[in-house]
Every structure is written in structure tokens, then in C-alpha cells.
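Here is my input; please provide its structure:
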Amino acid sequence: MFKLPSIRNLLLTCSLIPCILSCSSKLDGKQSKGPEKKDKSVAYFDSFNYKGNDNFYNENPLPGKDYFYNPILPGWYSDPSICANGKDYFLVTSSFSYFPGVPIFHSQDLVNWKQIGHVLNRPSQLPLEGQHTSEGIFAPAISYNPHNQTYYMITTNIRKGNFFVKTKDPFGEWSEPVWLPEVKGIDPSFFFDDDGKAYIVNNDEPEEGSTYSGHRAIRVQQFDVETEKTFGSRKVLINGGVDISEKPVWIEGPHIYKIKGQYFLMCAEGGTSVNHREVIFKGDSPMGSFKPWDKNPILTQKHLNPSRKKPITCAGHADLVQKPNGEWWSVFLGCRPINNEFENLGRETFLMPVKWSEDGYPYLTHDNEEVPRVVQMNGLQRSEQPTFGNFNKLESFESPELNQEWFTMRGKALQYYSLTKTPGYLALQCAPVASTEKKELAFIARRIQHHQFEINSTVYFKPATEKDAAGLLLYKDERHQYFLAIQQENNQRKVALKKISDKGIEEISSKMITPTNDQVDLKITSNGTHFNFYCTTDGEKWENIAENISAQYLSTANSFGFTGTTVGMYATNSM
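Modelled structure (predicted):
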């Protein structure tokens, strides 16, 4: 049953008295009238409540206001990149084939972050048709050019190539894409030097071609800010990695920095799994040559005991930023697996202070140092509603637009859903497309951000045929899904749990129901390794649909891919 929120939260969610009464009916778990008119084959979602309740946060309260939890952005906020302009910090992460693309966050202290939108929020910026879930947008890099007071975000659309967009106001709209067909490979990043010159550095093929699996190089080329074109030679800075004799794999995610008159090139190595690491090189010019530090890597967890408690794995793909007080900090990605089998949260964004060696190199971990889950930052005043730790997010669909944490697949999907057709409800049409297809879906989703969580949703739904289905979808990719579905069978309603795979659709369990006024409440809970699925038609007694369903099926350890698990509202007539 939904718990009544505090008066303060009600007032925050619904500022007018009629709206307060409406929102209250969405939360108390009791029967309500629902929408005045309910079309068949349209699911009307009255609410969606996400509650994270990880044991770690309950057992390890923060000791003061100047402490924070890692990850700072939980859930699959992969490949973080950061830039600073005075007291303002902006951070972006990968979005792959979800729409809109490249979530952007703002902070004035590196810890208290607020999502301010998406960099790529128009179909003209984000062509994704036909792309796999783990294709689309890879490793965006955000930079500020003080010479023209412009922010740049450069990235790879894996099926289309490399491009950048720009803006004077990162809180507003970004430009149309400027494509860079001459920049091959992936993971481009801008570097704007003190003298006004600009460079693009990225992962690419070595000059002689790859000589072993995973053999890549880092290249650099000058960029003309006025003409917005590259020019000159595309020089190879790094061939293979720190030591080519060891055949290092997947050197990528490069960034160039100028610190105290010297140039540093920082890259990821080892692939995005448990062998991931960050390495550093030093040079006298952005065009090289660069020499590796003899104590590389500067960040990794790959050599630590995999059986250690609460491990952070896959650490790498870092970016550096300097605070006004001179301190250097780094954002990077990492994973929080359970038993090295359950990586359902994907690759998340972490934050750590940067240390400096006696010979002048930045580093984050050395020897057997572990990435900390609790970090102190001097002078920090942590907000009351941080992005990390346990939290509860209620969506009551009172706004004419989706909140920032929601997204769709491969496009806006406006032909399938509406927030204005029936105010106070998300109206989701049963679409003639299945979640196994590489198309726009009738699927409104958000990230899973905790191992232990509970999700509740109230839905009014009248199937027209036995092909119609609507409910909650746990989604990893086209071949790994669990669907808690409301359907019709022999002219009677049922709630069923479906396992969706490349072998088809398997019905794990189902229960016939007799909903009052078409209202069904659905619930999913997780203990980190297993899911439980429930429904109720009276708003009080939860009926078990299926329990102890393995979460490993949706884990990256099983399904591979670059995203974590998402969950949301889904409707189809292709069941």
C-alpha cells in the first residue's frame, strides 16, 4: 500500500488544494474513480512511485554535512565528463539509444547536483532508428572554451559518426549537430589551450591497422573554432597503451589538460569490465610526444580480491576538474556488483579527490587502495535532497511534460503517450511494436538506482483483445526483460509475469483478477539478487504473482551491454 506523504511533500508536489486532494487519492492505495473516460487499448497510469532502500546507506549513515556517498549519480550514468566555468560545474553522461540523449547536471560544489535537462533533446540531434540498446550515444565530453565563452559537447553516435553541439547557455538549448566525418573512431574530446588553439583527441585505429584484438590508438588533430573544421595531420599520440609490448586493449576516453605549464593526456585502458583502468601521460605540447608515468595506472580496482565486501569494480573512464580553491577532483565510472554476478545498476558516476605524486602526476588510487563509498569534502554543505543514498521519487503525472529522470527509446514516442489527453494520468497506447524490436516503443522508463528497491504503480486498463498488454517492464535490452502485464484471457482479466528473451516470451506465472473500475495496482520489489512481483485490485491486499525471480538474468554479467536495468510503463498490442 502506498504511504501518505508528509504535508510538506504534498505541498511541494501539488501546490493547489484541488490538486492536493487529487494527489492524495494517488497515494493512499485505495480505490478511486480513475479517468472519466477510459478508451480500450489505452493504459492510464495514475502514479509511479520508486523507493530505494539499500542496506549500505541504512547501515552507514553519513557522519556530517561535509560527507557524501559514492556513487554521486547512482544507476547507469556511464562515462562521466565534467567542465567548470567559475563557480559552475556541468556534467554529462552517456545515454546510448535512449531519448532524449546526454543528461546534463549542474552543481556549484561538485556534490549537490541537479539535472537541468538533456543536451540532445530533438530528433534532429539524435537519430537512433534501428540501433541496439547499447548503441547510440557513446562517451560524451563537455568542455568550456573561455576564448568564445561557449560550451561544447562532442560525442559519438555509433551508427552515424562523431559530432559536436554547442551553446552559450547550458541551461537552455544546444545547437544542431556539426558532424566530423574526418574524425574516425570513438570518444572524441575537445582541448582548448591558453593561446586560443583548439584540438580534438580521440580513440582510432593505429596507422598500420590493428595488429591484435582490442588494439587501438589515441589520435589528435587541430580544430578551427571559426570554421568548425579540423585541419592538419591526424597524429597518433599513443599506440596501444602504456606498454605496447603487453598488447594493452581498448585505450579510449582521452582528455588533455594543461596544468602548471605541462600537458597531461589521460585515457582509459583495459575495456569497460573488471580490467578497466585509467592511465596518465605527460608531454610538452598537445601534439605530443607523450610519455607514460612509470607508476600507472592512476585508478583501477582490477587487482583487488573480487570477494571483498561491497566492492567497487570496473573503475575508469575518468575526467579531472579543478575547484576555485586549487583542489583537483575526478569523476569516473564504476560498478557495484553483488557476488560479481549482479550488475543490474550498470556503470555509475563516482567522485574522488585527486592526489599528486612527488614527481608531479595526478592519481586517484595506488597499490591496494579501494574506491571509497563515503567521502569527505572540506566546506561542503550537503543538500537535503541529494542525488545519492536512499530516496523516494513519486511521479503523479500532474505536469504536461515528463520529469527529467524519464526517457523513451530511440525517439520521443509522442504517437504513443500523452500527459495532456487525460490530465493527471499518463495515457499510454498499446502500440503495434514489441519491446524486442529496435524501434520507438510505448515505454516510458527510468533508471534502477538501488539494489534494494520497491516500485508501485496504479493503472486503469481495458484490453480490447488478448494481444493487448500493459504494465511494468524491467528492461536491460531487446533480449532480456521481465514484464508484469495486465492482459485479457477468455474475456477475463489477468496479471502475468512474462520473461522476454531471444527465444520468445515465457509466461512464468499469472493470476486471474476482477478489478473494480479497471484499477489494478502493480508492485515490484528487489533485494538485489531477486525480484518479487505483486498486484492488488482493492488497494489493500497484495497478491503474489511471482517471487524470488533471479535478477541475474538482467545483469550485465549475463546480458552484457553498456547500460543498466531500466523500469517503466509499457503497453503493446503485440503480446
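
Surely Y69 touches N58?
No: taking contacts as Cβ atoms under 8 Å, Y69 lies outside contact range of N58: 11.9 Å. To be clear about C-beta, it is placed using only N, CA and C from the backbone, and glycine gets the same treatment.

More neighbours: the two, which one.
Neighbours per residue (other Cβ atoms under 10 Å) separate Y69 from N58, with Y69 holding more: 24 against 11.

Now do the same for the spatially closest residue to that one that is not a sequence neighbour: helix, strand or coil?
Spatial nearest neighbour of Y69, excluding adjacent residues (Cβ to Cβ, 6 or more residues apart in numbering): F388 at 4.3 Å. F388 carries the three-state label coil when classified by DSSP: H, G, I helix; E, B strand; the rest coil.

Next up, the contacts around F388.
68-74 (Cβ atoms under 8 Å, 6 or more residues apart in numbering).

Kindly recompute the last result at 10 Å.
Neighbour list for F388: 52, 57, 62, 68-74, 111, 113, 348-349, 351, 382, 449 [criterion: Cβ atoms under 10 Å, 6 or more residues apart in numbering].

Filter those down to the ones in strands?
Secondary structure from DSSP state E places 52, 68-69, 348-349, 351 of the contacts of F388 in strands.

Taking those residues together, which two end up most distant?
Across these, the longest distance by Cβ to Cβ is 18.8 Å; it joins G52 and L351.

Those two: which has the busier surroundings?
Neighbour count, other Cβ under 10 Å: between G52 and L351, L351 has more, with 25 against 22.

Emit the ChimeraX select command for whichever of the contacts of F388 are buried.
Restricted to buried positions by 16 or more other Cβ atoms under 10 Å, the ChimeraX selection for those reads:
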select :52,57,62,68,69,70,71,72,73,74,111,113,348,349,351,382,449
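
Give the pairing partners of the helix or strand hosting Y151; include direction for each.
Secondary structure from DSSP states H and E places Y151 in strand 150-157. Partner strands and pairing direction for strand 150-157 (DSSP bridges) are strand 137-145 (antiparallel), strand 161-167 (antiparallel).

still on that earlier bit, out of the ones in strands among the contacts of F388, the closest to S574 would be?
Closest approach to S574 among the ones in strands among the contacts of F388 (Cβ to Cβ): G52, at 31.8 Å.

Find the residues that touch each one of Y69 and N58.
Common contact partners of Y69 and N58 (Cβ under 10 Å, 6+ apart): 389-390.

ok but K282 is inside a strand, no?
Yes: according to three-state DSSP, the state of K282 is that of a strand.

Could you give the number of residues near it?
Neighbour count for K282, taken as other Cβ under 10 Å: 17.

Looks like it contacts S357 (just checking).
No: between K282 and S357 there is no contact under Cβ atoms under 10 Å: 11.1 Å.

Pull up the overlap in contacts between those two.
With Cβ under 10 Å, 6+ apart as the test, K282 and S357 both reach W293.

wait, isn't Y416 in contact with L428?
Yes: counting by Cβ under 10 Å, L428 is a contact partner of Y416 at 6.5 Å.

more crowded one of these two?
Higher neighbour count among Y416 and L428: L428, with 26 against 23, using other Cβ under 10 Å.

Locate that one within the secondary structure: which element?
strand 426-429.

who does the helix or strand that that strand is followed by touch, helix- and strand-wise?
For strand 426-429, the following helix or strand on the C-terminal side (DSSP H and E) is strand 443-447. Applying 3 or more Cβ pairs under 10 Å, 6 or more residues apart in numbering; DSSP states H and E, one finds that strand 443-447 contacts strand 42-52, strand 98-99, strand 392-395, strand 408-409, strand 426-429, strand 469-477, strand 566-572.

Go through the ones you listed and name the closest to S107.
Nearest to S107, of all the helices and strands packed on strand 443-447, is strand 392-395, at 19.3 Å by Cβ to Cβ.

According to the record, where do the domains of this protein fall?
7-54+390-572, 78-307 (automatic domain parsing).

pLDDT averaged over the first one, what's the number?
What it means is domain 7-54+390-572. For domain 7-54+390-572, mean pLDDT rounds to 90.

do the same with stretch 199-211
Averaged over stretch 199-211, pLDDT sits at 95.

Which residue ranges of this structure form helices?
7-13, 17-27, 55-59, 556-559 (DSSP state H).

from memory F223 sits against N202, does it?
No: contact criterion Cβ under 10 Å: F223 and N202 do not qualify, at 11.3 Å.

what sits in contact with each of those two?
Residues touching both F223 and N202 (Cβ under 10 Å, 6+ apart): 154, 180, 183, 188.

Highest neighbour count among these?
Counting by other Cβ under 10 Å, top hit in the shared contacts of F223 and N202: P188 with 27 neighbours.

pretty sure that one contacts F164?
Yes: P188 is within contact range of F164, at 7.7 Å (criterion: Cβ under 10 Å).

Now do the shared contacts for these two.
The contact sets of P188 and F164 overlap at 140-141, 154-155, 180, 200, 223 (Cβ under 10 Å, 6+ apart).

Going by distance to E540, which of the residues you listed wins?
P140 (46.2 Å).

which residues touch the closest one?
79-81, 92-95, 101-104, 119-120, 153-156, 164-165, 187-189.

Swap in 8 Å and give it another go.
P140 neighbours (Cβ under 8 Å, 6+ apart): 79, 81, 92-94, 102, 119, 153-155.

For L73, name its beta-bridge partners.
When bridges are called by DSSP bridges, L73 pairs up with T349.

From L110, how far off is it?
Distance check for L73 against L110: by Cβ to Cβ, to the nearest Å, it reads 12 Å.

same check, this time on F192
Distance of F192 to L110, computed by Cβ to Cβ: 21 Å.

Show me the beta-bridge partners of E507.
E507 forms beta bridges with K498, as assigned by DSSP bridges.

Tell me how many other residues surround it.
By the criterion of other Cβ under 10 Å, E507 has 13 neighbours.

That one contacts K494, correct?
No: with contact defined as Cβ under 8 Å, E507 does not count as touching K494 (9.7 Å).

before we move on, back to that, can you put the shared contacts of P188 and F164 in CSV and add distance to Y361?
Formatted as CSV, the shared contacts of P188 and F164 follow (distance: Cβ to Cβ, whole Å):
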residue, distance to Y361
P140, 26
A141, 22
I154, 26
T155, 28
L180, 31
I200, 24
F223, 27
